[in-house]
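1. Any chance you can model this:
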Amino acid sequence: MKHYKWPFPRKKLGVFAHWNYIFANRTYTDHSASAKKWSSIISLSHKWQFETMSQVAFQAYLLLEEVKPLDKILMRQKYDFPRKMIHKAYLEICTRHQPLTVEEGEKIGLEMLARIALTREEIKDCHSLSKASIDAVTNNLVELEPSRRYY
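-> Residues are numbered from 1 along each chain as shown. Predicted coordinates for the structure are as follows:
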């Protein structure tokens, strides 16, 4: 009889247990895990090609208030989730008072940095959250069809 080594180090057992709970309970609604756990669950689900579970975990990750909008964007980029899932994070980044820092720009890459800069430029004259600013985020960052205002 051949014995197989357990594929998870002891420190990862909690993540695996949480992942297993989600797997067993498709209507999982307890989003009490930390951002680190959700990140691990997303990684495992993606690695094992459990698309639905990966999206459920990503949705739970997005609901965490302690996760910064930039981190949500980075997670979306890393696992190629649909852009529409993080519309709120894009909106928060584009409407915040301070511009992206050099470090943030390096993390998200040149293309996304340019798209966010374009969107911020389009909505800078909006003093409140308006349909125009929401449309600019949708067009430039979700649908990737920027307005022709600057072309």
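2. any low-confidence regions in this protein?
-> Residues of the chain meeting the criterion pLDDT under 70: 1-31, 126-129, 146-151.
3. residue contacts, the residue positioned nearest the centre of the chain?
-> Geometric centre of the chain, nearest residue: Lys72, 3.0 Å, by CA atoms, centre = their mean. Taking CB atoms under 8 Å, 6 or more residues apart in numbering as the contact definition, Lys72 lies against Tyr61, Leu62, Ile86, Ala89. For glycine as for every other residue, the C-beta is placed from the backbone atoms N, C-alpha and C.
4. do the same with Gly105
-> The contact partners of Gly105, by CB under 8 Å, 6+ apart, come to Leu113.
5. and after the helix or strand encompassing it, which helix or strand comes next?
-> Following DSSP states H and E, one finds Gly105 within helix 102-108. The helix or strand immediately downstream of helix 102-108 is helix 110-123, counting by DSSP H and E.
6. Now do that next one: which elements does it pack against?
-> Contacts defined by 3 or more CB pairs under 8 Å, 6 or more residues apart in numbering; DSSP states H and E place helix 110-123 against helix 87-95, helix 131-137.
7. Buried residues of that helix, list them for me.
-> If you call a residue buried by 16 or more other CB atoms under 10 Å, then helix 110-123 has these buried ones: Met112, Leu113, Arg115, Ile116, Leu118, Thr119, Arg120, Glu122, Ile123.
8. Touching, the first one and Ile73? I think so.
-> Yes. With contact defined as CB atoms under 8 Å, Met112 and Ile73 form a contacting pair (7.1 Å).
9. Would you enumerate the residues in contact with the nearest residue to Glu66 once chain neighbours are set aside?
-> Distance criterion CB to CB, 6 or more residues apart in numbering; nearest residue to Glu66, sequence neighbours excluded, is Ala35 at 6.2 Å. For Ala35, the contacting residues are Tyr61, Leu64, Glu66, Val67, Asp71, by CB under 8 Å, 6+ apart.
10. any idea which of the residues you listed has the most stuff around it?
-> Tallying neighbours with other CB atoms under 10 Å puts Tyr61 at the head of those, with 23 neighbours.
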